[in-house]
Every structure is written in structure tokens, then in C-alpha cells.
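>>> Okay, structure incoming, though there's no sequence with it:
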Ligand SMILES: Nc1ncnc2c1ncn2[C@@H]1O[C@H](COP(=O)(O)OP(=O)(O)O)[C@@H](O)[C@H]1O
Ligand SMILES: [Mg+2]
């Protein structure tokens, strides 16, 4: 039975896509069958895994509009065990295309649940907003994983995110759980990173992953080569930390 994890935070630049790509790649490296779903019209997960987003015939956009079979849009084994449903800018039209239609929150779930059992993990990279694409992702998911960037405004917006998750639990997906929060871009040279971690832990009554993702320039370079970090620099701190995060996700007792 596959576990569907939505990686969400309405703030941009907090590490959602980096976490989605590298968590998915590390789970695949450990021998699991993984599907990564790009739900962001920016298509950064798609390009970060080496796929030319503007040359795609079929994307997640066609899937949720019922214009193709989910298998037709899937690119299989981009890396061994890692499959992807890509996205590009056309996905941005969905809010307008779905306006006035009913049950549009369930579109991704209807499609993903048909193939869920073929995978051990399905990782959904959400866009930086709490609109229909994120709502579809959280409605389809078993859990939400929240990356939090170690910066001064880390807590800002978190209450709104938790509130959205609660609304989804009440109205669309009663079984949705919070997988946990993971701190990203931790800079051990500054006190600020440490303060942010302590502050969030004090104020947030959620599972916090022990693994903290350090700020590591290799993690920022890897997507421009179309590679997950473990293929770009297998021994760098970024690789080591995402492998540890994957171990924790596998053994998470809260979900
Ligand atoms: N741990 C990290 N160390 C260094 N750079 C990072 C790290 N995590 C993410 N980045 C970089 O920060 C930027 C934002 O990250 P990204 O994962 O795209 O965030 P989001 O998907 O939340 O918008 C990207 O340029 C990415 O390469
Ligand atoms: Mg992103």
C-alpha cells in the first residue's frame, strides 16, 4: 500500500522542491518504488530531474483534466525506481478552467488512487500557494510534509498552513495526517538557524524530524544538472542528510 506524501508550504523558496526531488531519489535508492508528482506550474521538480518541461506532450495538467490516462503522462525510471509525472506552465490555467465546476478538489485523488498500490511512496511537490493545486494534493495525500526554512520569518504563515490542513481534514480528507516538519537550509555558522529551530519546536505541536537539512551549495547546483543530489555528489552533506531524512520517513511512527 503506497504512502502519498504532499510536500507543502505556501511560502516560496523554503525547500519544497529540493526536498521532494531528493527525498524521492533517496527512497528509490533504498530500493522502493517511487513516483514524484509535480503539482507546481513552475515545473522545477520536472527540470530538476532532467526533463525538458516545455517539450512535453502530456503532463499532470492533462491527467487532472481527464484528457489522458495517468500512465500515459508518467515518465518511468528517470532514475532506477524513480518515476515522475511532470508539469509545466499550462498547469497554471487550472484554477480558471475548473471555475464553476464541481468536485474539482478530488481530481488528483481520483487519478492517483488508481495507481497508488503500484508504488511504495508517492511524493507530491506542491506550488507556493494554498489554492486548488495544493488542495488537490492534500486531498489525495495520506500525509503532509512541511519544509521550514531556517530564517527569521519561519513561523510566519505556519498557522495558516496548519489551519488549511485542518479544513481539509474536516471537509475533504479526514484521514490526512501531518507527516512532520523538516528544517531546511540550516546554517551552523549563525545563531539564527538554531534559534529558529528552537522557536518552531516550542510553538508547534507537531512531529519534527531529527534530520536537519544544512545549507549546502551542492544542493542548489544539482537541479541545473538535472540530477538529484545523490547522483550529483553522493558524499556531500546534502546527500547524507536527505538519506537520513528518507530513513526517518520510512520509520515514521506518527503516520
Ligand atoms: N539545503 C539547501 N542548501 C542550499 N540551497 C538550497 C537548499 N535547499 C534549497 N536550496 C535552494 O533554494 C532555492 C529554493 O528552494 P526550492 O526547493 O526550490 O524551494 P520551494 O520549492 O519551496 O520554492 C533553490 O534555488 C534551491 O536550489
Ligand atoms: Mg518549488
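Good, I have the coordinates. If you're wondering where the values come from, they're calculated on a predicted model, not measured in any experiment. Numbers count the residues shown, from 1 in each chain. Ligands and ions are numbered 1, 2, ... in the order given.

>>> ranges for the helices of the stretch 151-255 of the chain?
158-171, 191-203, 217-221, 229-232, 237-250 (DSSP state H, counting those that start in this stretch).

>>> if I look at residue 172, how far off is residue 112?
Residue 172 sits at a distance of 14 Å from residue 112 (criterion: Cβ to Cβ, to the nearest Å). Every C-beta, even on glycine, is put in place using the N, C-alpha and C of the backbone.

>>> oh sorry, the question was meant for residue 35
Counting by Cβ to Cβ, the gap from residue 35 to residue 112 is 8 Å.

>>> out of residue 172 and residue 112, which sits in the more crowded spot?
A direct count of neighbours by other Cβ atoms under 10 Å for residue 172 and residue 112 places residue 112 higher, at 26 against 16.

>>> Once you drop chain neighbours, what's closest to that one?
Leaving aside its chain neighbours, residue 112 sits nearest to residue 140 (5.0 Å; criterion: Cβ to Cβ, 6 or more residues apart in numbering).

>>> how about that neighbour, phi and psi?
Phi and psi for residue 140, reported as degrees, to the nearest 10, are phi -80, psi -20.

>>> I'd like the numbering to begin with 6 instead of 1 from here.
Done: numbering now begins at 6, and the last item shifts to residue 145.

>>> Could you double-check that it lies in contact with residue 114?
Yes - under the criterion of Cβ atoms under 8 Å, residue 145 makes contact with residue 114 at 3.8 Å.

>>> ok, those two, which is more surrounded?
The neighbour comparison of residue 145 against residue 114 (other Cβ under 10 Å) goes to residue 145, with 27 against 20.

>>> Let me see the contact set for the more buried one.
Residues counted as contacts of residue 145 (Cβ atoms under 8 Å, 6 or more residues apart in numbering) are 9, 11, 113, 114, 117, 118, 129, 178.

>>> Around ligand 2, which positions in the stretch 156-260 of the chain sit nearby?
Taking Cβ under 5 Å from the ion as the criterion, ligand 2 has no neighbours within the stretch 156-260 of the chain.

>>> Report the contact partners of the closest residue to ligand 2 within the stretch 156-260 of the chain.
Of all residues in the stretch 156-260 of the chain, residue 228 sits closest to ligand 2, at 10.1 Å by Cβ to the ion. Counting by Cβ under 8 Å, 6+ apart, residue 228 makes contact with 22, 23, 26, 49, 52, 53.

>>> please redo it, this time with the cut-off set to 7 Å
Shown in contact with residue 228 (Cβ atoms under 7 Å, 6 or more residues apart in numbering): 49, 52, 53.

>>> Would you agree the second one is in contact with residue 61?
No - using Cβ atoms under 7 Å as the test, residue 52 is too far from residue 61 to be in contact (10.9 Å).

>>> can you count the residues close to whichever residue of the chain sits closest to ligand 2?
At 3.3 Å from ligand 2, residue 22 is the closest residue in the chain, using Cβ to the ion. Residue 22 has 26 neighbours, counted by other Cβ under 10 Å.

>>> what do residue 40 and residue 117 both touch?
With Cβ under 7 Å, 6+ apart as the test, residue 40 and residue 117 both reach residue 127.

>>> Helix or strand: which one has the residue nearest to residue 233 when sequence neighbours are not counted?
Excluding the flanking residues, the one nearest residue 233 by Cβ to Cβ, 6+ apart is residue 30, at 3.3 Å. Secondary structure assignment for residue 30, by DSSP states H and E: helix 21-34.

>>> circling back to that earlier point, what's the most distant pair in the contacts of residue 145?
The most widely separated members of the contacts of residue 145, counting by Cβ to Cβ, are 11 and 118 (13.8 Å).

>>> Perfect, I'm done here.
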